[in-house]
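J.: pasting the sequence and the predicted coordinates here, then a few questions.
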Amino acid sequence: MGSQTYRNELFQDYKANRGEAPVELIPQFDLAKEATEELGIMNIGVKGFEADDCIGTLASIYQNEAHVTVLTGDKDLLQILNEQVTVALMQKGIGNYKHYTKALFEEEMGISPKALIDMKALMGDASDNYPGVKGIGEKTALKFIQTYQTIDRLLENVHALTAAQQKKMQAGLEDLKLSRILAEIKCDVPLSCPIDETKIKMDPERAAAMLRLHQIKGIEPMVNRLSQFGIS
């Protein structure tokens, strides 16, 4: 939906460290949309927001109607875990996933899923290029949130930190506030998508024609298998 989002308006250097997409990849974006359309799979996007924001919003909407599993390779989405929403996190190797529940995340990390936002705000994110608090790394950020649960409580108890840590927190306060906004996945994107409209409605002939066009092998078995699962 374009590279600019509301996060770029808040912080000009957001993701500015990323290079341009390879020339060979750019045409693939529209082809991917075309392919999913021919397979009867809905495409959803809202200008000004990232895919994660749309995913978080859809999960928030659908959790009132069904158990939701988000399939992703992005650990940031672990922040949306709750009793109704789980995350299947892709691992190395085809078909390998780690299925996170809220309970599993809390057992592993010692913090709540929502507290991941505050942890990321403290440590920053080199991939998304937002600063966090300079000098506070992942281990220290996790320890702070395990101890104080939230940034607000951490700041209330900043006197309990070492002198060096207090200095870092005071110097990085404005970056911390900004980073927290950037780290949080928005779950109130203005989109509407009734769950019935998301069901896959595949036309086997259209799907097969698209797969042949792009020289995908094993077309008939693939379409037949999808049909067996009631995708038609």
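T.: Structure received.
J.: show me what the helix or strand encompassing Ile55 is packed up against.
T.: Using DSSP states H and E, Ile55 maps to helix 51-62. The contact analysis (3 or more C-beta pairs under 8 Å, 6 or more residues apart in numbering; DSSP states H and E) places helix 51-62 against strand 68-72. C-betas here are computed from N, CA, C, even on glycine.
J.: let me see the mean pLDDT of the strand it packs on.
T.: Averaged across strand 68-72, pLDDT comes to 96.
J.: repeat that for stretch 175-189.
T.: Per-residue scores along stretch 175-189 average to 97.
J.: now it: buried residues?
T.: Residues Asp175, Leu176, Leu178, Ser179, Arg180, Leu182, Ala183, Glu184, Ile185, Lys186, Cys187, Val189 are the ones in stretch 175-189 that count as buried (16 or more other C-beta atoms under 10 Å).
J.: what do you get for stretch 160-178?
T.: Leu161, Gln165, Lys168, Met169, Gly172, Asp175, Leu176, Leu178.
J.: save those residues as CSV, and put in distance to Met1 and secondary structure too.
T.: Below are the buried residues of stretch 160-178 laid out as CSV (distance: C-beta to C-beta, whole Å; DSSP: H, G, I helix; E, B strand; the rest coil):
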residue, distance to Met1, secondary structure
Leu161, 41, coil
Gln165, 40, helix
Lys168, 37, helix
Met169, 36, helix
Gly172, 32, coil
Asp175, 27, helix
Leu176, 29, helix
Leu178, 23, helix
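J.: got those residues as JSON lines, with distance to Lys120 columns?
T.: Below are the buried residues of stretch 160-178 laid out as JSON lines (distance: C-beta to C-beta, whole Å):
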{"residue": "Leu161", "distance to Lys120": "19"}
{"residue": "Gln165", "distance to Lys120": "18"}
{"residue": "Lys168", "distance to Lys120": "16"}
{"residue": "Met169", "distance to Lys120": "16"}
{"residue": "Gly172", "distance to Lys120": "14"}
{"residue": "Asp175", "distance to Lys120": "13"}
{"residue": "Leu176", "distance to Lys120": "11"}
{"residue": "Leu178", "distance to Lys120": "12"}
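J.: tell me the one of those residues nearest Gln4?
T.: Nearest to Gln4, judged by C-beta to C-beta, of the buried residues of stretch 160-178 is Leu178 at 17.4 Å.
J.: now do the same contact list for the closest one.
T.: Leu10, Phe11, Tyr130, Pro131 (C-beta atoms under 8 Å, 6 or more residues apart in numbering).
J.: let's see 10 Å
T.: If a contact means C-beta atoms under 10 Å, 6 or more residues apart in numbering, then Leu178 has Arg7, Leu10, Phe11, Tyr14, Ala121, Tyr130, Pro131, Gly132 as its contacts.
J.: just the buried members of these?
T.: Arg7, Phe11, Tyr14, Ala121, Tyr130, Pro131, Gly132.
J.: out of the contacts of Leu178, which are inside strands?
T.: Assigned to strands by DSSP state E, none of the contacts of Leu178 qualify.
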